[in-house]
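Participant: Any chance you could fold what I've pasted below:
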Amino acid sequence: MGVPIAAWTMHSDRPRNGFLVTEMLKIGRIVREWEKREEVVSASTIENVKKAIAIRKRAEELGEDVRQSIEKGVTSRIELDSFIAHITR
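Facilitator: As a prediction, the model looks like this:
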């Protein structure tokens, strides 16, 4: 949707998801590191994450790319429609 993600790793697969969002896709920022999971996160920390302009711009760009990839007539949309038709028959 073009909105940055505040990654708050708490358990299970979330540290990996946090890495994906922050380091690979570059559309989010870690709110609290896994090693500090017992600490309380302040409101100012959340506010600082929400103000990250470069991350917001990257999230908007990625959101637009995703929207374009599912427009009618685009190969990825054709493949998705074909897959859905196949599994629902």
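
Participant: use CA for all of it now, contacts and neighbours both
Facilitator: Will do.

Participant: Looking at this protein, which helix is longest?
Facilitator: Longest helix in the chain by number of residues (criterion: DSSP state H): helix 53-69.

Participant: and the next element down the chain from that helix?
Facilitator: helix 75-87 (DSSP states H and E).

Participant: by contact count, what packs against that following helix?
Facilitator: helix 53-69 (3 or more C-alpha pairs under 8 Å, 6 or more residues apart in numbering; DSSP states H and E).

Participant: returning to that earlier point: for the longest helix of the chain, packing partners?
Facilitator: Counting by 3+ C-alpha pairs under 8 Å, 6+ apart, helix 53-69 packs on strand 28-32, helix 75-87.

Participant: If you count neighbours, what's buried in that helix?
Facilitator: For helix 53-69, a neighbour-count test (16 or more other C-alpha atoms under 10 Å) marks 55-56, 58-63 as buried.

Participant: which one of the helices and strands packed on helix 53-69 has the most crowded surroundings?
Facilitator: strand 28-32 (a mean of 22; mean count of other C-alpha atoms under 10 Å).

Participant: That one: what's the following helix or strand?
Facilitator: That would be, after strand 28-32 and using DSSP H and E, helix 43-50.

Participant: circling back to that earlier point, next, the angle from the longest helix of the chain to helix 43-50.
Facilitator: Counting by axes from the mean of the first three to the mean of the last three C-alpha atoms, to 10 degrees, helix 53-69 lies at 50 degrees to helix 43-50.

Participant: from the middle of its chain, how far away would helix 53-69 be?
Facilitator: A distance of 10 Å separates the centroid of the chain from that of helix 53-69, by C-alpha atoms, centre = their mean, to the nearest Å.

Participant: So which other helices or strands are in contact with the lowest-mean-pLDDT helix or strand in the chain?
Facilitator: Across the helices and strands of the chain, the lowest-confidence element by mean pLDDT, DSSP states H and E is helix 43-50, at a mean of 76. Helix 43-50 sits against strand 5-8, strand 28-32, with contacts defined as 3+ C-alpha pairs under 8 Å, 6+ apart.
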